[in-house]
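J.: structure for the following, please:
(one chain, ligands or ions: 1)
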Amino acid sequence: MYLEPRVASRLSVIPEPIALLRKQIDAEIITADHPEFEVARKTQDITFDVVPYAIVKVESAEDVAATVDFAREIGFPLTVRSGGHSLAGFGVADDAVVVDFSKMKQVSVDPASGIATVQAGATSGDIVAAAQPYGLALTTGDTASVGIGGLTTGGGIGFMVRKYGLTIDSLVSVQVVLADGRIVTASKSEHPRLFWAIRGGGGNFGIVTEFTFQLEQVGLVLGGDIVLPATRAVVRGYLDYVTNAPEELTTIAHIMHAPPAPYIPEERVGEVVLQILTVWTGSPEDGEHALAPLRALGTPVADTIHPMEYGDIYQYTAHQNMPHAAALRMMFADGLSDRAVDEILASVASSPSPYSIIQLRGLGGAAARVGNEETAFAHRDRAFFVAIIGIWLDPSEDPAPHRAWTAEIWEKIADEGSGVYVNFLSKEGDARIREAYPGKTYERLVEVKTMYDPENLFQFNQNILPRG
Ligand SMILES: Cc1cc2nc3c(=O)[nH]c(=O)nc-3n(C[C@H](O)[C@H](O)[C@H](O)COP(=O)(O)OP(=O)(O)OC[C@H]3O[C@@H](n4cnc5c(N)ncnc54)[C@H](O)[C@@H]3O)c2cc1C
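T.: Here you go, the predicted model:
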């Protein structure tokens, strides 16, 4: 078996410490001498290439607690991987012990109460599969393979955010392993400050092993996409409408090159378009009225909207499940000037990758009815989510042109927004982490961090430093 030199060099240091952990738990532990190590150390981003010490495939909260105790006592870096989609690459790190949730993906739904208990390794797709047979759904993100562990601890903004809020707004309680190895429940009545911090503060405070959510009765939606030629007037029309539309309508829009999808006329593939992914959760008749202003923005290149099961919308983002690399910058905005719209259109037209996109999401609705200080996600009053995402698929490709593209357009439009969603941060430094937590939020998070993780055991995240 060929082993990369960096992996082979780990072999000599494996046996002693890991033998201690192996005595305590039955969970599978993958070290560099294991045939699956090469695969197990990879994450979704093809550019992250790190060599952890051990990957512990936990099967219970007790396994997690033993792994936490082990890493703390021996002094290993400790990372957490639920779905492995961290845009900053935090799920795995060099020399780390990785708490890997790939064997904890169970979702149990009580159809009578609409309560779901979800193990941390489950994905949005796993939740759809378990809830949809009962006409139930959870408001999560736009990609089926994203893990509920990272998504929820950051907030969770998806296809029903305007109707049912963020994923954390449906959270009833969590089971958490703390830095001292205790297993506790946090909710509005138990460890309330911890519960506040976990709803948006990322993985700073503990390792969540199980989430309890209140699902919504959703049933059929009007879903699909409307693809329009991307002009300033069309983008302006989109921005003006989507935050004022009925809150049953949530959209995620991409300014992008039209993909070679079966429903895009062949001669339009590659054209710069505005793709508006749409989920309408009200009656179909009202939905047709609500969608009319979007359809009237231009002559559609394609319009695939039709009644569907909620989970079918994920077919439109199935390509996002594939391993890829991303150069990312994100901000919230309350509006975008014509100048910014023109810059966005020009930059997509000249992007070095046909896969790169600028993503716009209209917010408001239910997400905005929760106060900025009620959870650690403190951007609820912002109108738009704006993300520049340079994307490439080949690990041997030079990342420089893609990173330069993202940096260049960011330079041109960043002054029109502020703040950032923690789950759309890459490694951008402390000032940007503070931007994720405006107002009193950052200081409150420091207090909770100091209380629950004073030694900063959980530091592979957008790290909040404990007071020291
Ligand atoms: C293709 C793609 C599409 C996305 N779309 C959306 C979207 O529509 N909406 C949205 O809100 N976000 C979206 N995101 C961002 C996503 O929410 C974050 O990247 C999230 O952190 C991924 O979670 P994960 O469990 O898959 O990642 P992981 O890499 O497993 O975890 C990321 C980090 O989250 C923390 N964490 C993970 N699990 C736990 C746990 N059990 N307990 C405590 N902390 C934990 C840890 O700090 C960990 O390092 C998207 C990301 C990608 C790559």
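J.: for residue 98, see how far away the nearest residue to residue 353 once chain neighbours are set aside is.
T.: Take residue 353 and drop its neighbours on the chain: the residue closest to it by Cβ to Cβ, 6 or more residues apart in numbering is residue 392, 5.1 Å away. C-beta: built from backbone N, CA, C; applies to glycine. From residue 392 over to residue 98 the distance is 26 Å, taken as Cβ to Cβ, to the nearest Å.
J.: the more surrounded of the two?
T.: residue 98 (30 against 22; other Cβ atoms under 10 Å).
J.: doesn't residue 77 make contact with that one?
T.: No. With contact defined as Cβ atoms under 8 Å, residue 98 does not count as touching residue 77 (9.4 Å).
J.: how does the chain divide into domains?
T.: Dividing the chain into domains by automatic domain parsing, as the record does, gives the ranges 5-100, 107-217, 220-424.
J.: of these, flag the one that's most buried.
T.: Counting by mean count of other Cβ atoms under 10 Å, domain 107-217 has the highest mean neighbour count of the domains of the chain, with a mean of 22.
J.: could you dump the domains of the chain to a markdown table with distance to the ligand?
T.: Shown next, in a markdown table, are the domains of the chain (distance: least, Cβ to the nearest ligand atom, whole Å):
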| stretch | distance to the ligand |
| --- | --- |
| domain 5-100 | 2 |
| domain 107-217 | 2 |
| domain 220-424 | 4 |
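J.: avg pLDDT for the helix or strand containing residue 360?
T.: According to DSSP states H and E, residue 360 maps onto strand 357-362. Looking at strand 357-362 alone, the average pLDDT works out to 98.
J.: can you pull out the strands in the stretch 251-400 of the chain?
T.: Ranges of strands within the stretch 251-400 of the chain are 272-280, 302-303, 306-309, 325-333, 357-362, 384-392, based on DSSP state E, counting those that start in this stretch.
J.: just the stretch 1-150 of the chain next, same as before
T.: 28-30, 54-57, 78-81, 97-100, 107-110, 115-119, 136-137.
J.: what's the mean pLDDT across the second one?
T.: Strand 54-57 shows an average pLDDT of 97 in the prediction.
J.: kindly export that strand (C-alpha atoms) in PDB.
T.: What follows is strand 54-57, C-alpha atoms only, in PDB (Å, rounded to 0.1, in the frame of the first residue of the first chain):
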ATOM      1  CA  ALA A  54      -6.700   9.500  14.500                       C
ATOM      2  CA  ILE A  55     -10.300   9.500  13.200                       C
ATOM      3  CA  VAL A  56     -12.700   8.200  15.800                       C
ATOM      4  CA  LYS A  57     -16.000   7.000  14.300                       C
END
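J.: any low-confidence regions in the stretch 351-468 of the chain?
T.: When residues are selected by pLDDT under 70, none of them lie in the stretch 351-468 of the chain.
J.: show me where it has its helices.
T.: 366-369, 400-413, 430-436, 441-452 (DSSP state H, counting those that start in this stretch).
J.: residue 103 is nearest to which of those helices?
T.: helix 441-452 (25.9 Å; Cβ to Cβ).
J.: tell me the secondary structure for the residue minimising distance to the centre of the chain?
T.: By Cα atoms, centre = their mean, the chain has its centre lying nearest to residue 151, at 4.4 Å. In three-state terms, and counting by DSSP: H, G, I helix; E, B strand; the rest coil, residue 151 is helix.
J.: and it, what is it in contact with?
T.: 83, 124, 140-141, 167, 423 (Cβ atoms under 8 Å, 6 or more residues apart in numbering).
J.: swap the cut-off to 10 Å and go again
T.: Residue 151 makes contact with 82-83, 85, 123-124, 140-141, 143, 157-158, 166-168, 211, 423 under the criterion Cβ atoms under 10 Å, 6 or more residues apart in numbering.
J.: residue 175 too?
T.: Here residue 175 is in contact with 61, 64, 117, 119-120, 183-186, 206-212 (Cβ under 10 Å, 6+ apart).
J.: helices - which of the residues you listed land there?
T.: 61, 64 (DSSP state H).
J.: and the nearest residue to residue 145 once chain neighbours are set aside, how far from residue 454?
T.: Leaving aside its sequence neighbours, residue 145 sits nearest to residue 321 (Cβ to Cβ, 6+ apart; 4.0 Å). Distance of residue 321 to residue 454, computed by Cβ to Cβ: 38 Å.
J.: just residue 176 next, same as before
T.: From residue 176 to residue 454 the distance is 16 Å (Cβ to Cβ).
J.: then residue 402?
T.: For residue 402, the distance to residue 454 - Cβ to Cβ - is 40 Å.
J.: repeat that for residue 437.
T.: Counting by Cβ to Cβ, the gap from residue 437 to residue 454 is 19 Å.
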